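> What would the 3D arrangement of this be:
(chains A and B)
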Amino acid sequence: MNGNGQSWDADRALARIRELEHLPGALLPILHALQDEFGYIDKAAIEPVAEALNISHAEVHGVITFYHDFRRTPPGRHILRMCRAEACQSMGCEGMIRHVEDRLGVKLGETAEDGSFTLEPVFCLGNCALSPAIMLDGKLFGRVSSQVADFLIDDVRGRP
Amino acid sequence: MSFKIYIPGDAAALSVGAERVAKAMAEQIVTRHLDATVVRNGSRGMFWLEPLVEVETSRGRVAYGPVSADSVPSLFEAGFLEGNAHELCLGPTEEIPYLKQQERLTFARCGITDPLSLSDYISHGGYRGLEKAIQLTPEAIVDEVTNSGLRGRGGAGFPTGIKWRTVLKTNNDIKYIVCNADEGDSGTYADRMIMEGDPFVLIEGMTIAGFAVGATQGYVYVRSEYPHAFRALRRAIAIAYEKGYLGVNVAGTGKIFDLEARLGAGAYICGEETSLLESLEGKRGQVRYKPPLPAIEGLFGKPTVINNVISLATVPIILDKGASYYRDLGMGKSRGTLTIQLAGNVKHGGLVEKAFGITLRQAIYDFGGGTASGRPLRAVQVGGPLGAYLPESLLDTPLDYEAFAAVKGMVGHGGIVIFDDTVDMAHQARFAMEFCAIESCGKCTPCRIGSTRGVEVIDRIIENRDRAGNLELLDDLCELLTDGSLCALGGLIPYPVQSALRHFPEDFAKPSPSHAIHPAEKVQEKQPWR
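Numbering: from 1, shown residues only, chains lettered A, B, ... in the order given. Below you'll find the predicted structure:
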């Protein structure tokens, strides 16, 4: 989910574009593929994508910026998505989010300075009977408390 | 003696440790030299009991839950493989009242079968609907769906058969079936459960839709927040191709039906059908003007059936058992079953498939067991973030499209989010506007600008600045949003806001802003991630 951690590579990007450009409505699949590969979509992707699909740079830029998923800067090593929708609110997600924000020293939507975590808000992970829910590096967790969140954060950091 | 153990592979079950349980079970099987197979089934939808482990016994399946990895050795020692007593034993699964009192039609197989076993699917009644459909003319298939009374389960409740008939009547070589699996409403997870727990039923439903209207290509648009469901569905589609249930010769009929699952990218608005179509075409998910209806000019400008997961997954059983079987359940103009999803602050959260007509109170108390916190219930939001907040006094409202409309609410996709008495309804009203501001596609002004103004006005009400004047302004703004928005996002966001005001005015009348919103939650500062 976080990409392979390698920096932007024009050849690899082009290879991913070539694999998918034949699809009808290929733009979203291509952008997903690029983000899977690099963890974000570099500005340098706009030109080859626009060329492959015969659309304008503005259209590609517009799509990248429209969708919450697409990142334009590299994320942290771990991505923590915290649900802030109603079902999780009813089980106190807001307090937990503030706790995690304080703990990591970042707000939702930001990446920690040391590059360890990116904290992202999400509206519903479909785990509403087991609220509050979070997703850590693509893995879903339910009935999460501040303590559980601390444990999971320490766990992926490789600390006791 | 060979044993069969069922451990859900459903994302919610995994979120509370089903994978660790499966690992511990596998270890025990090896250490004890047992002849046992583990099936990763879907969830039965009783989430407070997850991970819910079942074993096949001579008395039928026996359930244990919630099972933790630590409790696994003791289960083996107690002889759970024979269904023996243990403190976690729940008895025969089918006898658990929560399940026994349901009418599971769409979810008939979910949690019972191996989701990725086509032979399991077929031996549990799968592909019988398609078999019937193959013998019928396209008109007759559409008639069957129309006569069943099935209405769109995505939330709008539009009759499915009428949509299909419109597409059938269009004269075009290329038509599409699109499944809306952008289940963005908080409090809902039925679509996810089907895609993970019984994906072939969705594939079958879409194939029938294709045969009915003359479409040969289908797309499922799955929200990216559901990576697990997306993988499960993709695998199921690959299996269906392999076994000849998709492709150029579907089930030996010589008919073509191709299907592809596509991933959304985190935009609530893409649950709106025209916005979803734009997104599938590779564009910004902006709402289209209607007309033309998608049934006339939909995906890539071609006639398109676009239905919710549950609508399409209900089609096979309607074809199999006949329209009247389905129509005979329900009340008024709401026929068949509703897949109720109990969520939020609820003791027994889970999926309840029931004929339309049970009351909110029955759903929340008879099934849900009241709040999880044990505190008094104060409000319920039905139908997602655009649904009304209802007070305790309206809990006797039956779950029925028209009955909900009468109390200025909506059934929507069937999600019920429960709040206890700690909820601050002014805060919830503000959140509704904030959500709309974040998720607005930006095409129409009332929604794009009105939602941000709405947050500001509610902030002033909360802060007790010219409260009377701002309450009037908010009313005016809500009227504008209702009448002037292009789609349901802006058009319905007044529902949660005005219902909160109507039913919980005391929360907007607190003297001091002691409960003022945390500065970090100001909407302007929330925008950078857009």
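
> going forward, measure contacts between C-alpha atoms and count neighbours the same way
OK.

> and chain A, which residues reach chain B?
For chain A, the contact set with chain B under CA under 8 Å from any CA of the partner chain comprises A:24-29, A:59, A:62-63, A:65-70, A:85-91, A:109-110, A:123-131, A:138-143.

> Let's see that with 7 Å instead.
A:25-28, A:62-63, A:65-69, A:85-88, A:90-91, A:109, A:124-131, A:140-142 (CA under 7 Å from any CA of the partner chain).

> Of the residues you listed, select the buried ones using a ChimeraX command.
Selecting only the buried entries of the residues of chain A next to chain B in ChimeraX, with 16 or more other CA atoms under 10 Å in any protein chain shown as the criterion:
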select /A:25,26,27,28,63,65,66,67,68,69,85,86,87,88,90,91,109,124,125,126,127,128,129,130,131,140,141,142
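
> Now, the residues of chain A next to chain B that are in helices?
Taking DSSP state H, the ones among the residues of chain A next to chain B that sit in helices are A:Leu27, A:Leu28, A:Gly62, A:Val63, A:Thr65, A:Phe66, A:Glu86, A:Ala87, A:Cys88.

> If we only consider the residues you listed, which is nearest to B:Ile194?
Closest approach to B:Ile194 among these (CA to CA): A:Ala87, at 20.3 Å.

> tell me the contacts of the nearest residue to that closest one once chain neighbours are set aside?
With sequence-adjacent residues excluded and distances taken as CA to CA, 6 or more residues apart in numbering or on different chains, A:Ala87 is closest to B:Gly344, at 4.1 Å. Contacts for B:Gly344 (CA atoms under 7 Å, 6 or more residues apart in numbering or on different chains) come out as A:Ala87, A:Cys88, A:Ser90, A:Met91, A:Cys128, A:Ala129, A:Ser131, B:Gly187, B:Val417, B:Ile418, B:Phe419.

> measure B:Gly344 to B:Phe47 for me?
Plainly put, B:Gly344 is 12 Å away from B:Phe47 if you go by CA to CA, to the nearest Å.

> Name the residues contacting each of those two.
By CA under 7 Å, 6+ apart, the residues touching both B:Gly344 and B:Phe47 are A:Ala129.

> in what helix or strand does B:Phe211 lie?
In the assignment (DSSP states H and E), B:Phe211 maps to helix B:199-213.

> Same question for B:Pro115.
Assigned by DSSP H and E, B:Pro115 belongs to no helix or strand.

> What is the neighbour count of it?
Using other CA atoms under 10 Å in any protein chain shown, B:Pro115 has 30 other residues around it.

> Tell me which residues of the helix or strand of chain A with the lowest mean pLDDT come out buried.
Sorted by mean pLDDT, DSSP states H and E, the helices and strands of chain A end with helix A:146-157, the least confident at a mean of 95. By neighbour count with 16+ other CA under 10 Å, helix A:146-157 contains the buried residues A:Ser146, A:Ala149, A:Asp150, A:Leu152, A:Ile153.

> roughly how far is it from the heart of the chain?
The chain centroid and the centroid of helix A:146-157 are separated by 19 Å, computed with CA atoms, centre = their mean, to the nearest Å.

> go on, stretch B:453-471?
34 Å.

> Equivalent analysis for stretch B:319-339, please.
Its chain's average C-alpha position is 18 Å from that of stretch B:319-339, according to CA atoms, centre = their mean.

> just stretch A:19-38 next, same as before
Counting by CA atoms, centre = their mean, stretch A:19-38 comes out at 16 Å from the chain centroid.

> Pull out the C-alpha coordinates of that stretch and format them as CSV.
The C-alpha trace of stretch A:19-38 is given here as CSV (Å, rounded to 0.1, in the frame of the first residue of the first chain):
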residue,chain,number,x,y,z
GLU,A,19,0.1,-2.2,-19.1
LEU,A,20,-3.1,-0.3,-18.6
GLU,A,21,-3.5,2.3,-21.3
HIS,A,22,-5.7,0.1,-23.5
LEU,A,23,-8.5,-0.1,-20.9
PRO,A,24,-11.6,1.9,-21.4
GLY,A,25,-11.5,4.7,-18.9
ALA,A,26,-7.9,3.9,-18.1
LEU,A,27,-7.0,6.9,-16.0
LEU,A,28,-8.0,5.8,-12.5
PRO,A,29,-6.5,2.3,-13.0
ILE,A,30,-3.2,3.9,-14.2
LEU,A,31,-3.1,6.4,-11.3
HIS,A,32,-3.8,3.6,-8.8
ALA,A,33,-1.0,1.5,-10.4
LEU,A,34,1.4,4.4,-10.1
GLN,A,35,0.5,5.1,-6.5
ASP,A,36,0.9,1.3,-5.7
GLU,A,37,4.3,1.4,-7.3
PHE,A,38,5.7,4.6,-5.7
